[in-house]
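Student: sequence and predicted model, in that order:
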Amino acid sequence: MGEAATARAPEFTGMTAGERHWLLRRLHSISGIIPIGGFLLFHLFENGYVVRGAAAWWSETAFTRGLPFEIVIEAVILWIPILYHMIYGLVIIATSAPNNAGYAYERNLQYTLQRVTGILALIFILFHFFTTRGWFYMTGRETNYAVMHAYMMDPVIFAIYIIGTLACVYHLTNGIFTFTITWGLVGGPRSQSLVNRLCNALFVVLAIVSVVILISFRAPV
Ligand code: HEM
């Protein structure tokens, strides 16, 4: 038999552990931006209408409450990516080595804060979901202005919202910076430091916006 007849197509032996890790890590990274990060920005934007009063907030947020196939859209666009990001995020936290060599103090602090805010975001997102949307699915009670107002007037819940929202916003803005590094989008220490500063500035802006939104819910109806 000739060589051509005996030659076999290369067998697909599956991914190596390294390749699998690479793929899961990239999926984790992209899911933090699209859809989770995009949703967080949209969520702040739609709730920002509360600064114009209870009625404006309720009518401007009607769109998301009235979507057809709402549960399916929420699950596919939001909950599946968030669950994946949370679970793989916990794996990264549990298995990664401390980042204490070769980096400036600021980068080390950011590395730690990214992990701490990830855990805080996890706790807050579960709390926020079950006390708003989850409660609605279980009991049919709408999370209207009166409900949000009562939450924000409770000092413990208000503090949870302030800490949880700031954690999410820090995690996203610092995450945009680390995303550009994960994907090799910004080369060179000077450009990296510029992007880092822009992301820090974005954190300050979004932090102020978030706190203003939460305080605005304290206005009487
Ligand atoms: C508000 C919801 C969240 C958003 C918008 C978000 C967004 C992001 C973004 C954009 C990144 C950067 C990806 C990269 O460096 O390539 C990231 C990284 C990360 N996230 Fe999240 N995330 C959220 C919630 C969570 C939760 C609940 C956890 C669970 C603990 C988590 C754990 C992590 C971890 C461990 C990293 C990797 C940091 C690193 O490699 O240095 N995230 N996230």
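Tutor: Sure, I can see it. Numbers count the residues shown, from 1 in each chain.
Student: can you show me the helices along the chain?
Tutor: 3-6, 17-31, 38-47, 54-60, 62-65, 70-74, 80-95, 105-131, 133-139, 145-153, 155-182, 189-216 (DSSP state H).
Student: may I see the buried residues of the fifth one?
Tutor: Within helix 62-65, no residue qualifies as buried by neighbour count (16 or more other Cβ atoms under 10 Å). Quick note: C-beta positions are derived from backbone N, CA and C, even for glycine.
Student: what residues does that helix touch?
Tutor: The contact list for helix 62-65 (Cβ atoms under 8 Å, 6 or more residues apart in numbering) reads E46, E142.
Student: again, but for stretch 200-210
Tutor: Against stretch 200-210 from outside (Cβ under 8 Å, 6+ apart): L44, G48, T165, L166, V169, Y170, L172, T173, N174, I176.
Student: pick out the most distant pair among those.
Tutor: The most widely separated members of the contacts of stretch 200-210 are G48 and N174, with 21.9 Å between them, by Cβ to Cβ.
Student: G89 and G118, how far apart?
Tutor: Distance, G89 to G118, using Cβ to Cβ, to the nearest Å: 5 Å.
Student: find residues that contact each of these two.
Tutor: With Cβ under 8 Å, 6+ apart, G89 and G118 have no common neighbours.
Student: that older thread, closest to S96 out of the contacts of stretch 200-210?
Tutor: The closest of the contacts of stretch 200-210, once distances to S96 are taken by Cβ to Cβ, is N174, at 15.6 Å.
Student: so which residues on this protein come close to the ligand?
Tutor: Residues of the chain lying near the ligand by Cβ under 6 Å from any ligand atom: 29, 32-33, 36-37, 40, 85-86, 89-90, 92-93, 111, 114-115, 118-119, 121-122, 125, 168, 171-172, 175-176, 178-179, 182.
Student: make it 5 Å
Tutor: The chain has residues 29, 32-33, 36-37, 40, 86, 89, 92-93, 114, 118, 121-122, 168, 172, 175, 178-179, 182 near the ligand, with proximity defined as Cβ under 5 Å from any ligand atom.
Student: present the contacts of stretch 200-210 as JSON lines; the columns should include neighbour count and pLDDT.
Tutor: Compiled in JSON lines, these are given as follows (neighbours: other Cβ atoms under 10 Å; pLDDT from 0 to 100):
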{"residue": "L44", "neighbour count": "17", "pLDDT": "98"}
{"residue": "G48", "neighbour count": "16", "pLDDT": "98"}
{"residue": "T165", "neighbour count": "23", "pLDDT": "98"}
{"residue": "L166", "neighbour count": "20", "pLDDT": "98"}
{"residue": "V169", "neighbour count": "25", "pLDDT": "98"}
{"residue": "Y170", "neighbour count": "23", "pLDDT": "98"}
{"residue": "L172", "neighbour count": "24", "pLDDT": "98"}
{"residue": "T173", "neighbour count": "21", "pLDDT": "98"}
{"residue": "N174", "neighbour count": "20", "pLDDT": "98"}
{"residue": "I176", "neighbour count": "18", "pLDDT": "98"}
